[in-house]
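>>> could you look at this predicted model? Sequence included:
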Amino acid sequence: MQFIDLKSQYGRIERDVKARIEAVLNHGQFIMGPEIQELEERLAAFVGVRHCVGLSSGTDALLAAMMALEIGRGDEVVTTPFSFIATAEMIALLGARPVFVDIDPATYTLDPERLEDAITGRTRAIMPVSLYGQCADMDAINQVAEQHHLPVIEDAAQSFGASDRGRRSCSLSLIGCTSFFPAKPLGAYGDGGACFTDDDGLAARLREIRNHGQERRYHHPRLGLNGRLDTLQAAVLLAKLAVFPEEIDARARLGERYTQLFEERGAASSASGGSRVLTPFVPSEKLSVYAQYTIQVPNRDAVTAQLKDRGIPTAVHYPIPLNDQPVFHVGAGETKTPVSAAVAQRVISLPMHPYLAEDTQQGVVDAVVAATGLRAEKG
Ligand SMILES: *Cc1c(COP(=O)(O)O)cnc(C)c1O
C-alpha cells in the first residue's frame, strides 16, 4: 500500500503529460516558456483572483510574498507553530521574528481568538496555514487583521482546491501561497509553487522578485530571487489540472468516508475533544481536499508499528511544534502553545489520495481499530 499513489494518477493522464512535455522539448523555452502564462491564467481563473505568479516552490512563494510586502529585520510575523518548517523558516530568513499563536484543537489551524494578544507595534503580517487540506478561519483572521491594518498571507501549500462557502483557498486574503510539491493536492513532477492576489501592484512586484528583482532586462530596482517556476513543471501541471476538479471531489468523498467508517466503530470528531480516536473536524461551510487524513490516537507508537506490520504506511504531521525546534528555540519567555504541543504527541496521518480504493480504506480503519481497541473502549 502506498501513502500517496501517484502512479494511478499517471496511468490516467500519461498521454496528455507526455504530449505537454514533448511540446516543451520541441519549442525549447525551458525558462518562462508559454506554458507559464497559460498555467497562470488558468490557475487565477480556477482560484477566482486576478493574478497568479508561478514560483519555484511553495517555500519561495512564501518568501516572495513577504519580500513583496517588504518584511525584514526587526519585524514580527504572526503564524502557527503547527506546520511544516517553511512557514516560520522564511519569516526568520528575512530577519523577522515568527510569533507563534496556538491552534484551534478542532481544526488544527491558527486560533483567531488568540490572535489579538500576539499583535504588537512590530507586527507586519499574519500568516495562517490552511493545514491538512482545509482553509484556516480566514474570515475571522482577516477581521482582526483589518482592525490593525495588517496584510494576511495564507500558506495554502496543503489546501489548493479547498474552499470556504464556495470561495477557493488562495483567494481568501491579500496573498495566497501554494506549493506544487509532488505530494500536494495539485502536484508537479518536481518543485513548484505560486502566489495569488487581486492586487495589481503586488503582482507586479512578485513578478520582479521571482526574477532577480528585474523590472526589464538587466534593470534591477529591488532584490529578488532565482524563483521562477520551471516550464516543464508548468506543462505537467497543465495536464494534471484537467483531472483536478474530479480529484477534489474524490478527495472530499474519500475523506468523509474514512470519517464515517471510524465513526461507525465508535470514534469521535476532533471537535468533541474526546480522548480516544479523533477524526478530522471540517465545518459544514468548508470543503477539505484532505492533503492529509490525520487522526488523533492515544498510543501513536503502537499504532504506527501495528499498521507497519500490516503493510500500511503512516506519517506524523508534525511531531514537534515549530517553537520547540532548536532553530527557533529562544528559551524562557517564549509564548507557550499547549494545544499544539498536545496534538503533536497524538496525530497520525493515514494513506490518502484520490485513487484510494474503498476496501483499502476499510483495511486501514480495521487496523487502527485493532491497534487502539476502539470498539472495546466504546462498548
Ligand atoms: C509543503 C509545504 C510548504 C513548502 O512547499 P515546498 O513547495 O515544498 O517548498 C510550506 N508550507 C506548508 C504548510 C507545506 O505543507
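Nice, thanks for sending it over. Numbering: from 1, shown residues only.

>>> which residue sits closest to L241, ignoring its sequence neighbours?
Of all residues not flanking L241 in the chain, R42 sits nearest, at 6.1 Å (C-beta to C-beta, 6 or more residues apart in numbering). Bear in mind the C-beta positions are built from the backbone N, C-alpha and C, glycine included.

>>> which other residues reach the helix or strand containing that neighbour?
Using DSSP states H and E, R42 falls within helix 34-47. Residues outside helix 34-47 that contact it (C-beta atoms under 8 Å, 6 or more residues apart in numbering) are 20, 23-24, 27, 50-54, 168-171, 176, 194, 196, 228-229, 231, 234-235, 237-238, 241.

>>> keep only those of those that are in helices.
Using DSSP state H, the subset of these located in helices is R20, A23, V24, H27, T231, A234, A235, L237, L238, L241.

>>> farthest-apart pair in these, please.
H27 and L241 (19.5 Å; C-beta to C-beta).

>>> which one's more surrounded, the two?
When neighbours are counted by other C-beta atoms under 10 Å, L241 comes out ahead of the other of H27 and L241, with 16 against 12.

>>> in contact with the more buried one, which residues?
Counting by C-beta under 8 Å, 6+ apart, L241 touches L39, R42, L43, F46, L186.

>>> what's the distance between it and the ligand?
Using C-beta to the nearest ligand atom, to the nearest Å, L241 is found at 17 Å from the ligand.

>>> go on, R114?
Separation of R114 from the ligand (C-beta to the nearest ligand atom) stands at 19 Å.

>>> strands of this protein, residue ranges please.
Counting by DSSP state E, the segments of the chain that form strands are 51-55, 76-79, 97-100, 123-127, 153-155, 163-164, 167-168, 175-179, 193-197, 268-269, 278-279, 286-287, 293-296, 347-350.

>>> am I right that Y355 is in contact with D5?
Yes. If you go by C-beta atoms under 8 Å, Y355 and D5 touch, sitting 5.4 Å apart.

>>> neighbours around the closest residue to G33 other than its chain neighbours, how many?
Once flanking residues are discounted, G33 sits nearest to T231: 3.6 Å by C-beta to C-beta, 6+ apart. For T231, the neighbour count with other C-beta under 10 Å is 23.

>>> now the buried members of the ones in helices among the contacts of helix 34-47.
Listed as buried from the ones in helices among the contacts of helix 34-47 are R20, V24, T231, A234, A235, L237, L238, L241; burial here means 16 or more other C-beta atoms under 10 Å.

>>> how about these in CSV, adding distance to V303?
Shown next, in CSV, are these (distance: C-beta to C-beta, whole Å):
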residue, distance to V303
R20, 41
V24, 44
T231, 43
A234, 40
A235, 40
L237, 35
L238, 39
L241, 36
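
>>> name the nearest of the residues you listed relative to L206.
Minimum distance to L206 across these is 16.1 Å, recorded for A234 (C-beta to C-beta).

>>> apart from its chain neighbours, what residue comes closest to that closest one?
Nearest non-adjacent residue to A234, counting by C-beta to C-beta, 6+ apart: E35, 4.0 Å away.

>>> got it, and F3?
In space, F3 is closest to P313, 4.3 Å off (C-beta to C-beta, 6+ apart).

>>> quick one: that neighbour and M1, what's the gap?
Distance, P313 to M1, using C-beta to C-beta, to the nearest Å: 6 Å.

>>> got any residues that touch both of the two?
P351.

>>> would you confirm that Y258 contacts T279?
Yes. Counting by C-beta under 8 Å, Y258 touches T279, with 7.3 Å between them.

>>> quick one: low-confidence parts of the stretch 151-300 of the chain?
Within the stretch 151-300 of the chain, the stretches with pLDDT under 70 are 275.

>>> enumerate the residues of it near the ligand.
The stretch 151-300 of the chain comes close to the ligand at residues D155, A157, Q158, S179, F181, D191, G193, as judged by C-beta under 6 Å from any ligand atom.

>>> so who does the residue in the chain that the ligand sits nearest to touch?
Per C-beta to the nearest ligand atom, G58 is where the chain lies closest to the ligand, at 2.5 Å. G58 sits next to A86, D155, A157, C177, T178, S179, F180, F181, K184, G193 when contact means C-beta under 8 Å, 6+ apart.

>>> tally up the residues packed near the first one, please.
Number of residues near A86 (other C-beta under 10 Å) recorded here: 23.

>>> could you do the fourth one as well?
When neighbours are counted by other C-beta under 10 Å, C177 registers 30.

>>> likewise the last one?
Neighbouring residues of G193 were enumerated by other C-beta under 10 Å; the total is 30.

>>> I figured it hits S179, correct?
Yes. Assessed by C-beta under 8 Å, G193 is found in contact with S179 at 4.8 Å.

>>> quick check: neighbours shared by these two?
With contacts taken as C-beta under 8 Å, 6+ apart, G193 and S179 have S57, G58, T59, A61, A157 as neighbours in common.
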